[in-house]
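> Here is a sequence with its predicted model. Questions after.
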Amino acid sequence: MHKQIAIVTGGGAGLGLAITKKLTQEDIHVIMIGRNKLKAAVADFGDSCSYKVLDLQDLKAIPALVDEIYQEFGKIDILVNNAGINLKKVFTEVTDEDFANVIQTNLSSVFAISREVVKKMILQNDGCIVNISSMAAQYGIPKVIAYSAAKTGIEGMTRAMATELSPLGIRTNCVAPGFIETAMSAKALDADPERKQKVFSRTPMGKMGQPDDVAEAVYFFCSAGAKYVTGVIMPVDGGNSIGF
């Protein structure tokens, strides 16, 4: 199989689905990893996509899954760490369990799957990892303390990975989406008109982004056009992170 092989975590919905769609359009075979919504999603992509069911919180199961994918496809060229959960809660009401749950899914699992995939990429002297961060790592947003901590960790990890892995031929970059129109963001903003107004007032482009805006940025990092780019955090936010 001469196609590039990509793993996209959380590839069955929202941003992950848009990323999967873009990569398959570019003739890359995508293996989606997630808990659900995968079978229906794969049906839309035909032979250019497959899936593996795994709850990424189960860190101990990750090495065997990566081995399985490597045995099946013979290589892993791209890893997109997109899977994540959010928790909106007042700071003082966030329990230790709440905090640990978000960190486990959004940060610890990213480390664990990246480590296992890198073991395979080292054999190829080649690979590309794209992490998905958030505006919550760029500035302070209330009521999302665990999510903010996890995404800030993702950005630090991206830089550390790039420094250590680039000499081995493995580039690591990060996309930090702003406010993108997805079911998750609609649910959050429609229930909070004040926050919705704030989003638009500080976004210079005056509108929300689309999932394919994020997918295009991810593909750029995976493409030959980014062959000399590593350790970069790219906001895709309509200027939100620099807006006044």
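Yep, that arrived.
> Report the buried residues of the helix or strand E216 falls within.
Following DSSP states H and E, one finds E216 within helix 211-222. When neighbours are counted by 16 or more other CB atoms under 10 Å, the buried residues of helix 211-222 are found to be 211, 213-215, 217-219, 221-222. Heads up, the C-betas are built off the backbone N, CA and C, glycines and all.
> which of these lies closest to E26?
Nearest to E26 out of those is Y219 (CB to CB; 6.2 Å).
> need the contact list for G10.
Under the criterion of CB atoms under 8 Å, 6 or more residues apart in numbering, the neighbours of G10 are 16, 33-34, 82-84.
> who are the neighbours in contact with the residue positioned nearest the centre of the chain?
Taking CA atoms, centre = their mean, the centroid of the chain lies closest to N82, which sits 2.1 Å from it. If you count contacts by CB under 8 Å, 6+ apart, N82 has them with 8-11, 15-16, 19, 132.
> Just the ones in strands from these, please.
The strands, defined by DSSP state E, take in 8-9, 132 from these.
> for this structure, what are the low-confidence residue spans?
Filtered on pLDDT under 70, the chain yields the residue ranges 1.
> Could you pull out the strands in this protein for me?
So, for the chain - with DSSP E - the strands run 4-9, 28-34, 49-53, 78-81, 127-132, 170-177, 233-236.
> Measure how the longest helix seen in the chain sits relative to strand 170-177, angle-wise.
Residue-count comparison of every helix in the chain, with assignments taken from DSSP state H, identifies helix 145-165 as the longest. Between the axes of helix 145-165 and strand 170-177, defined by axes from the mean of the first three to the mean of the last three CA atoms, to 10 degrees, the angle is 150 degrees.
> Tell me how far helix 145-165 lies from the chain's centre.
Between the mean C-alpha point of helix 145-165 and the mean C-alpha point of its chain there is a distance of 12 Å (CA atoms, centre = their mean, to the nearest Å).
> Report the buried residues of it.
Of the residues in helix 145-165, those with enough neighbours to count as buried (16+ other CB under 10 Å) are 145-155, 157-159, 161-162, 165.
> Give me the angle between it and strand 127-132.
The directions of helix 145-165 and strand 127-132 differ by 160 degrees, with the same axes, to 10 degrees as the criterion.
> which residues touch helix 145-165?
Outside of helix 145-165, the residues within contact range by CB under 8 Å, 6+ apart are 81, 84, 86-87, 89, 91, 94, 98-99, 101-103, 105-107, 110-111, 114, 118, 127, 129, 131-134, 136-137, 140-141, 171-174, 176, 230-231, 233.
> ChimeraX command to pick out the buried ones of these?
The following ChimeraX line selects those of those that are buried, judged by 16+ other CB under 10 Å:
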select :81,84,86,94,99,102,103,105,106,107,110,111,114,118,127,129,131,132,133,134,136,137,141,171,172,173,174,176,230,231,233
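> Kindly state the beta-bridge partners for the nearest residue to S114 once chain neighbours are set aside.
Beyond its immediate neighbours in the sequence, the residue positioned closest to S114 (CB to CB, 6 or more residues apart in numbering) is I129, lying 6.0 Å away. The residues paired with I129 through beta bridges, assigned by DSSP bridges, are L79, T172.
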